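[1] below are the sequence and a predicted model for it; my questions follow.
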Amino acid sequence: MMKSFDERCYILLGKVPKGRVTTYKELAKALGTRAYRAVGGAMKRNPYAPRVACHRVVKSDGSLGGFAYGAREKIKRLRDEGVKVRTGKIQDFERVFFSFGMTS
DNA sequence: CGGTTGACCAAGT
DNA sequence: GACTTGGCCAACC
């Protein structure tokens, strides 16, 4: 049974621990593709709104990117998880960044 | 089934 | 540092 690309994004995203963030690019790469945009699209569609921690996904530059519920809400939630945000940018981005490639 | 769209990315201006 | 351009790939109409 072949899950949609979208569903895989949600599953993978579910592996991101609280207080950490990942990027659309890293997600796509972990999925074995380069469809960064499709990943973002999955978040936007986000049928599992509260189930999926879409607010933990940011752009590669460390900027927040977009958010279906509004950027303001995204910042609020990230801060609540311990991620500091400044003018729409993640502070200590590399510190809170979660990579899927860190095996063993 | 073909074309458009997009919560992106990287490089150039 | 902000804006523009080309490119990538899957979902949607």
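    Alright, I've got the coordinates. Residues are numbered from 1 along each chain as shown, chains lettered A, B, ... in the order given.
[2] the residue in chain A positioned nearest to DNA strand C: how many residues sit nearby?
    With Cβ to the nearest atom of the strand as the measure, A:Phe5 is the residue of chain A nearest to DNA strand C, at 2.8 Å. Using the backbone N, CA and C atoms, a C-beta is placed for each residue, glycine as well. Residue crowding around A:Phe5 was assessed by other Cβ atoms under 10 Å; the count is 15.
[3] the residue nearest to it when sequence neighbours are not counted and A:Thr87, how far apart?
    Leaving aside its chain neighbours, A:Phe5 sits nearest to A:Ala38 (5.8 Å; criterion: Cβ to Cβ, 6 or more residues apart in numbering). Using Cβ to Cβ, to the nearest Å, we find A:Ala38 at a distance of 28 Å from A:Thr87.
[4] please apply the same query to A:Gly14.
    The gap separating A:Gly14 from A:Thr87 is 29 Å, by Cβ to Cβ.
[5] which of the two has more neighbours?
    Neighbour comparison, A:Gly14 and A:Thr87: the larger count goes to A:Gly14, with 12 against 8 (by other Cβ under 10 Å).
[6] and the strands in chain A?
    Taking DSSP state E as the test, the strands found in chain A are A:22-23, A:57-58, A:85-86, A:89-90.
[7] tell me the average confidence for the first one?
    Here strand A:22-23 scores 96 as its mean pLDDT.
[8] repeat for stretch A:77-93
    pLDDT averaged over stretch A:77-93 gives 95.
[9] ok, now stretch A:49-60?
    Here the average pLDDT along stretch A:49-60 is 90.
[10] what residue is smack in the middle of chain A?
    Nearest residue to the geometric centre of chain A (Cα atoms, centre = their mean): A:Val57, 1.6 Å.
[11] check contacts around that one.
    Applying Cβ atoms under 8 Å, 6 or more residues apart in numbering to A:Val57 gives the contacts A:Leu13, A:Val21, A:Thr22, A:Thr23, A:Tyr24, A:Leu27, A:Val39, A:Gly40, A:Met43, A:Gly65.
[12] kindly report the residues of chain A close to DNA strand C.
    A:Ser4, A:Phe5, A:Asp6, A:Thr33, A:Arg34, A:Ala35, A:Tyr36, A:Arg37, A:Ala38, A:Gly41, A:Ala42, A:Arg45 (Cβ under 7 Å from any atom of the strand).
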